[in-house]
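Undergrad: I would like to see how this sequence folds:
(one chain, ligands or ions: 2)
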Amino acid sequence: MKPKILMARAVFPEVIASLQQHFEVESNQDDRIFSAAELTQKLSDKDGVIATASERISAELLQACPRLKAVCNQAVGYNNIDVAAATKAGVMVTNTPDVLNETTADFGWALLMATARRVTESEHWLRAGHWKQWRYDSFLGADVHGATLGIIGMGRIGQAIARRSLGFDMQVLYHNRSRLAPELEARANNARYAGKEELLAAADHVILVLPYSKESHHTIGAAELALMKPGATLVNLARGGIVDDLALIAALRDKRIAAAGLDVFENEPALHPDFLELSNVVLTPHIASASEPTRRAMADCAAANLLAALLPTAERKWPPNLLNPEVLGRVTLS
Ligand code: GLV
Ligand code: GLV
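TA: Ligands and ions are numbered 1, 2, ... in the order given. Below you'll find the model as predicted:
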């Protein structure tokens with residue numbers, strides 16, 4: 001009997017076809033988001049699931065689904081999963097790191113440039129028919145070249161963003177739980193470690209790429225925004241909840257910072273309506289990893305993790321991106 005799995009959200013059809021070679025697959029190509037009760041019901045007879053940030057895998061769900069052995073997230077972030085509870089329940093958890101680093105770093109730059117140089121704001125104005133003449137002071141923005149870039153969260157994506165700053169002659173400050181090895185700092189355009197307060201006060205452009213956790217909740221709130229330069233910009237590529245959205249809305253409205261570029265929001269996709277009223281914010285719908293090759297690579301990566309988790313062989317003894325290796329001694333495969 002093939003193991004039973006749920007593909008919790010719609011995906012490239014080829015991925016479903018390849019999963020069907022190994023698994024009995026319940027798919028969701030209509031892409032309806034399941035309620036917690038529906039998800040629990042669907043997973044109660046499954047051996048594995050490919051999930052995304054929209055599926056919360058809680059301790060209660062894990063308890064109600066004793067057959068489940070693997071939760072494979074199709075995302076690098078995995079704050080939708082209670083990993084400690086999964087480990088306790090003997091459930092393997094995986095994510096899709098690395099395959100999206102460069103694509104996400106590209107998008108960080110797209111947001112930074114659009115925010116600093118008012119690209120979307122000026123386009124909306126043009127489309128609305130307001131452009132009657134060139135003016136010396138139309139849409140004056142902030143320079144990116146020669147400026148100081150502050151990166152909070154200096155993992156692989158943060159380092160890829162820093163590397164790109166070399167061509168813009170930027171100074172890079174970074175803040176992270178731990179300091180990088182000197183050779184990694186050198187490769188990241190000679191990034192210099194700084195305390196969070198020092199970074200916020202010195203940077204012209206701040207970019208957030210740290211994982212969400214209880215500890216990183218509201219890393220940027222009113223107090224942090226007050227430390228930033230009045231002309232500074234803020235980009236959030238990481239997760240909603242890293243920024244206190246209400247505090248940011250107030251800071252943007254009062255022009256306490258110049259502008260923000262946001263790909264993620266608290267309570268997304270229901271973002272705070274006040275964002276839509278502000279002209280000095282660039283808003284995108286959580287698409288930082290959304291290039292075609294990268295979204296395919298993420299889906300393939302999640303599928304490869306699920307295959308190794310549920311059908312291990314001598315060549316694929318365990319999932320390549322296992323987040324809770326402590327679990328290995330505790331899993332029993334039927
Ligand atoms: C996207 O947000 C991801 O975590 O991959
Ligand atoms: C602007 O368009 C210029 O020609 O300087």
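
Undergrad: wait, L43 sits on K4?
TA: No. Counting by CB atoms under 8 Å, L43 does not reach K4; the two are 9.7 Å apart. Quick note: C-beta positions are derived from backbone N, CA and C, even for glycine.

Undergrad: for ligand 1, what are the nearby residues on this protein?
TA: Residues of the chain lying close to ligand 1 by CB under 6 Å from any ligand atom are A75, V76, G77, L100, S289.

Undergrad: Can you tell me the SS state at W125?
TA: Assigned with DSSP: H, G, I helix; E, B strand; the rest coil, W125 falls in the helix class.

Undergrad: what helix or strand is the residue lying closest to it once chain neighbours are set aside on?
TA: Distances taken as CB to CB, 6 or more residues apart in numbering put W131 closest to W125, at 7.1 Å, once the chain neighbours are dropped. For W131, there is no helix or strand it lies in under DSSP states H and E.

Undergrad: what's the answer for L149, then?
TA: In the assignment (DSSP H and E), L149 maps to strand 148-152.

Undergrad: I'd like the distance from the helix or strand that comes right after that strand to the chain centre, please.
TA: Following strand 148-152 in sequence order, the next helix or strand is helix 156-164 (DSSP H and E). The chain centre lies 14 Å from the centre of helix 156-164; the measure is CA atoms, centre = their mean, to the nearest Å.

Undergrad: on contacts alone, who are the packing partners of helix 156-164?
TA: If contacts are counted by 3 or more CB pairs under 8 Å, 6 or more residues apart in numbering; DSSP states H and E, helix 156-164 sits against helix 101-116, strand 148-152, strand 171-175, helix 182-187.

Undergrad: which of those is buried the deepest?
TA: Neighbour counts averaged per stretch over the helices and strands packed on helix 156-164 are highest for strand 148-152, at a mean of 25; criterion: mean count of other CB atoms under 10 Å.

Undergrad: quick check: mean pLDDT across it?
TA: Averaging pLDDT along strand 148-152 gives 99.

Undergrad: Please point out which parts of the helix or strand containing V15 sit buried.
TA: Element membership for V15 (DSSP H and E) is helix 13-20. Residues of helix 13-20 classed as buried: V15, I16, S18, L19 (neighbour count, 16 or more other CB atoms under 10 Å).

Undergrad: tell me the pLDDT at the nearest residue to the second one once chain neighbours are set aside?
TA: Among residues not flanking I16 along the chain, S27 sits closest, at 5.2 Å (CB to CB, 6+ apart). Reading off the confidence values, S27 has pLDDT 98.

Undergrad: Can you tell me the centre-most residue of this structure?
TA: Against the mean C-alpha coordinate of the chain, by CA atoms, centre = their mean, the closest residue is A238 at 4.3 Å.

Undergrad: one step back: what distance do you get for the residue nearest to I16 to L39?
TA: 14 Å (CB to CB, to the nearest Å).

Undergrad: what about the two, which has more around it?
TA: Set S27 next to L39 and count neighbours by other CB atoms under 10 Å: L39 wins out with 23 against 19.

Undergrad: Just the CA atoms of the helix or strand encompassing that one, as CSV, please.
TA: For L39, the enclosing helix or strand under DSSP H and E is helix 36-43. The C-alpha trace of helix 36-43 is given here as CSV (Å, rounded to 0.1, in the frame of the first residue of the first chain):
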residue,chain,number,x,y,z
ALA,A,36,-8.2,24.0,11.5
ALA,A,37,-11.0,21.4,11.9
GLU,A,38,-11.0,20.4,8.2
LEU,A,39,-7.2,20.1,8.1
THR,A,40,-7.2,17.9,11.2
GLN,A,41,-9.9,15.7,9.6
LYS,A,42,-8.0,15.5,6.3
LEU,A,43,-4.7,14.6,8.1
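
Undergrad: May I see the buried residues of it?
TA: For helix 36-43, by 16+ other CB under 10 Å, it's L39, T40, K42, L43.

Undergrad: Now render the residues you listed as a markdown table, adding pLDDT and distance to P269.
TA: What follows is the buried residues of helix 36-43, written out as a markdown table (pLDDT from 0 to 100; distance: CB to CB, whole Å):
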| residue | pLDDT | distance to P269 |
| --- | --- | --- |
| L39 | 98 | 18 |
| T40 | 98 | 23 |
| K42 | 98 | 22 |
| L43 | 98 | 23 |
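
Undergrad: partner residues bridging the closest residue to N190 other than its chain neighbours?
TA: Spatially, and ignoring its direct neighbours in sequence, N190 is nearest to V172 (7.0 Å; CB to CB, 6+ apart). Taking DSSP bridges as the rule, V172 bridges to L149.
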